[in-house]
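> Quick one, fold the following:
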Amino acid sequence: MNKNYAKIVKIAVISLLAVASVGWIAYNVVVGFLDGDYTEQYQLYLLSATIIIGLTALVVAIVSRDKNSYNTKSIAYGAVCIAISFALSYVKLFRMPQGGSVTAGSIVLLLLYGWYFGLPKGLLCCLIYGILQSIQDPWVVHPIQYLLDYPLAYATVGFVSIFKPLNWKNLSPILGILTVALLRYGCHFVSGWVFFGEYAPEGVASWVYSLGYSLYVLVDCLVAGVLFFALKKIKPIDNALLKASFQ
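Numbering: from 1, shown residues only. All right, here's what the predicted structure looks like:
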C-alpha cells in the first residue's frame, strides 16, 4: 500500500511539473511572438529555469520506468562521462564571436557512452549534459532558441548508436557520428537563422549567414569523431565499456 501510494505521488508530482512547464512555456512563447521580443531578461531566466525543471522531471520519469535497465554501473559511467565532457568544454580551440566554439573533443565521451550503452541511455545522458551547458556560458534571447542551442542540440549526440544494430563494423559508428553532426548542426543553424539574423552582414540573407556560421559545429564533431575512434581502439577502454554496458 505504501509503495503504491509513493508511486501515485511520484506520478502526480511529475505530471504537475510537466503540465506547469508546458503551460508556462506555451504562454511565454505566445506572448513573446505577439510582443515581437522578450524585453525583460528575468523572463528568459525564469523560463529557462522552468524548462530545466520540466526536462529534469522527464528524466526522472524515464529513469524510474525501468530500474533494472539503469543499473549502478550505467549511471556511474554516465555521470563520469558528463563530468569529464563538461570539463573538456572549457578547453576551447576556437571561440566564435556570437557564441559557440570548437573544443578539444568535449563530446567524445558522450559519443562513447551513447555507442556502448545504447540510444535511450545515450539520449538521456546527453540531454543532461545539454542542460549543464546552458548554465556554463548562456546566451539566451528566446525560449525556443534556448532549447535549440542547448538541450536539443546536445541530446542529438545520443543518436551515435542509431546504426549500431546493422553491425557494419566501422561504418556504423561513422554513420552515427555523421548523423550526430548533421542533427546538431541543424539545431544551431535554425537557431542562428531565426534568432540571430541581425548579425548577418549587409546584403547577406540570415539563413546563408547561419549556414556558414554554424560550420564550427561540424568541426567540433570532427575532432570528437577522430578521438572517438582513437579511444575505441584502446583495448582496456573498449573491454571496460563493453563489460559495463552488458551488465
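> Just to be sure, residue 139 is in a helix?
No: read with DSSP: H, G, I helix; E, B strand; the rest coil, residue 139 is coil and lies in no helix.
> show me the contacts for it.
Contact analysis of residue 139 by Cβ atoms under 8 Å, 6 or more residues apart in numbering lists 98, 99, 149. Backbone N, C-alpha and C define where each C-beta goes, glycine included.
> now the second one, nearest residue through space, not along the chain?
So the one you mean is residue 99. residue 139 (4.3 Å; Cβ to Cβ, 6 or more residues apart in numbering).
> Could you report the distance from that neighbour to residue 167?
The spacing between residue 139 and residue 167, counted by Cβ to Cβ, to the nearest Å, is 41 Å.
> Which strand or helix spans the most centrally placed residue in the chain?
Nearest residue to the geometric centre of the chain (Cα atoms, centre = their mean): residue 154, 2.2 Å. Assigned by DSSP states H and E, residue 154 belongs to helix 151-155.
> Figure out how far that helix is from the centre of its chain.
Remark: helix 151-155 is offset 2 Å from the chain centroid, using Cα atoms, centre = their mean, to the nearest Å.
> Repeat that for stretch 160-169.
20 Å.
> Mind listing residues that contact that stretch?
With Cβ under 8 Å, 6+ apart as the criterion, stretch 160-169 contacts 111, 114-115, 118-119, 122, 171-173, 175-177, 179-180.
> Buried ones among these?
Neighbour counting with 16 or more other Cβ atoms under 10 Å marks 111, 114-115, 118-119, 122, 172-173, 175-177, 179-180 as buried within the contacts of stretch 160-169.
> Can you lay out the residues you listed as JSON lines showing secondary structure?
Listed next are the buried ones among the contacts of stretch 160-169 as JSON lines, based on three-state DSSP:
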{"residue": "111", "secondary structure": "helix"}
{"residue": "114", "secondary structure": "helix"}
{"residue": "115", "secondary structure": "helix"}
{"residue": "118", "secondary structure": "coil"}
{"residue": "119", "secondary structure": "helix"}
{"residue": "122", "secondary structure": "helix"}
{"residue": "172", "secondary structure": "helix"}
{"residue": "173", "secondary structure": "helix"}
{"residue": "175", "secondary structure": "helix"}
{"residue": "176", "secondary structure": "helix"}
{"residue": "177", "secondary structure": "helix"}
{"residue": "179", "secondary structure": "helix"}
{"residue": "180", "secondary structure": "helix"}
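> what's residue 91 sitting at in phi/psi?
Phi and psi for residue 91, reported as degrees, to the nearest 10, are phi -90, psi 100.
> quick one: pLDDT of it?
Model confidence at residue 91, expressed as pLDDT, equals 89.
> re the thing from before, from what I can see the residue nearest to the centre of the chain touches residue 130, true?
Yes: using Cβ atoms under 8 Å, residue 154 is in contact with residue 130, at 3.2 Å.
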